[in-house]
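# have a look; sequence and predicted model below, questions after that.
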Amino acid sequence: MKILFTGDFYPASMKINNLDKKYVYGNCYHLFEESDLIVINFECSLDNEIPRIKQGPNLYLDKKYLDLLWKDKTICCLANNHSTDFGERGLVRTENILNQNKLQTIGTLRNPFYEENNIVIINLCEDEGGEGIAFYSRYLLEQIKNKDKIKILVYHGGNEGYPLPNQTIQKDFEYYLSTNKLDCIISHHNHVPSGYSHINDKFVSYGLGNFLFKNHFSNFGYFVIYDTDAKNYFVHGYRILEDRIEAYDLEDHLRYLNKLDLNYEWQNCWKIFSKLKYYRYKNWLKEFLNKNSDKDILNFFQCESHRNCIIDGIKNADYDNPKLEEIIKKISKF
């Protein structure tokens, strides 16, 4: 079986008028046709009745865009920070609409994971949503730990615009792989293509980048195709154009990321990034306090990556390294 994993799906952010899949996917179309299973991060709501008060946009998607997905073999991951943009009711309605259109869902109370034949795929995310229905404690991993099957974690988390994992995610992934006997971890949320590695011969992607989702962070991403029979992983880069995607060679960029030294560049780049990011976050927090916006403050602090960035940003306020600032610029905007 070939499983294709993609990043963030929100085509309303693009100028797509032609919903023909062959046009939108261009020279990447065959990758989807040849895959037995397609796993996407469905980062939006199909219901827009009651928007949730939050920091950041509430992402609504018209049902017409579902024509861009392969019915009967697409799994939509709903454990992400936008699935509850229109509350618990909006999430439930979104899941119902997807299922009615023969699109499977995971990452919710009703369907926490996908299990068929010799495959188990579980979807978790950081707690940025506030409603709670799509977000799970790690006890779910315990439920699949002893299954004699290929176990894959799809994780939504990290720091937006940062192409390396923060130190907490690195440690968490190592722990999940060893303790819960996982075979693979695929992650997204940072909106930029991040590196990948092998931990004890297990494949880990730290961020696929955007898929059909265009924003100011990056117009690049990559697919991971996992052949469960051969247990091989293939990486295919692409770039996002105005209304479609096309194959694009990211090998040099990903190779550069993968060669960065874990104990120096990764750790010290994080010190610089968290410091710079904290300055921005501090302005947001001042604005929230001035508006007495407790829900915004809660939404902001309950996210693990936001919280870690603030803590480490304060700790590293005096840290300075121009060389590493240039590395961050290079790997974020290539």
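Cool, the structure landed.
# what strand or helix carries residue 144?
Applying DSSP states H and E as the criterion places residue 144 in helix 139-145.
# in that helix, what counts as buried?
For helix 139-145, a neighbour-count test (16 or more other C-beta atoms under 10 Å) marks 140, 141, 144 as buried. For the C-beta atoms, the positions are set from N, CA and C on the backbone; glycine is no exception.
# redo those as JSON lines? Include distance to residue 260.
Formatted as JSON lines, these follow (distance: C-beta to C-beta, whole Å):
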{"residue": "140", "distance to residue 260": "32"}
{"residue": "141", "distance to residue 260": "28"}
{"residue": "144", "distance to residue 260": "32"}
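# need these in CSV with pLDDT, can you?
Formatted as CSV, the buried residues of helix 139-145 follow (pLDDT from 0 to 100):
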residue, pLDDT
140, 82
141, 85
144, 87
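# out of the residues you listed, which comes closest to residue 206?
Minimum distance to residue 206 across those is 18.3 Å, recorded for residue 141 (C-beta to C-beta).
# out of everything not next to it in sequence, what's closest to the closest one?
Using C-beta to C-beta, 6 or more residues apart in numbering and skipping residues adjacent in sequence, the residue nearest residue 141 is residue 180, 4.3 Å away.
# cool, and residue 202?
Going by C-beta to C-beta, 6+ apart, residue 202 has residue 177 as its nearest residue, at 5.2 Å.
# now residue 197
residue 204 (5.4 Å).
# for that neighbour, give its distance to residue 144.
Using C-beta to C-beta, to the nearest Å, residue 204 is found at 17 Å from residue 144.
# quick one: mean pLDDT for whichever strand or helix holds residue 90?
Using DSSP H and E, residue 90 falls within helix 87-100. Here helix 87-100 scores 94 as its mean pLDDT.
# for it, buried residues please.
For helix 87-100, using 16+ other C-beta under 10 Å, the buried residues are 87, 88, 90, 91, 92, 93, 94, 95, 97, 98.
# same check on stretch 281-291?
281, 285, 288.
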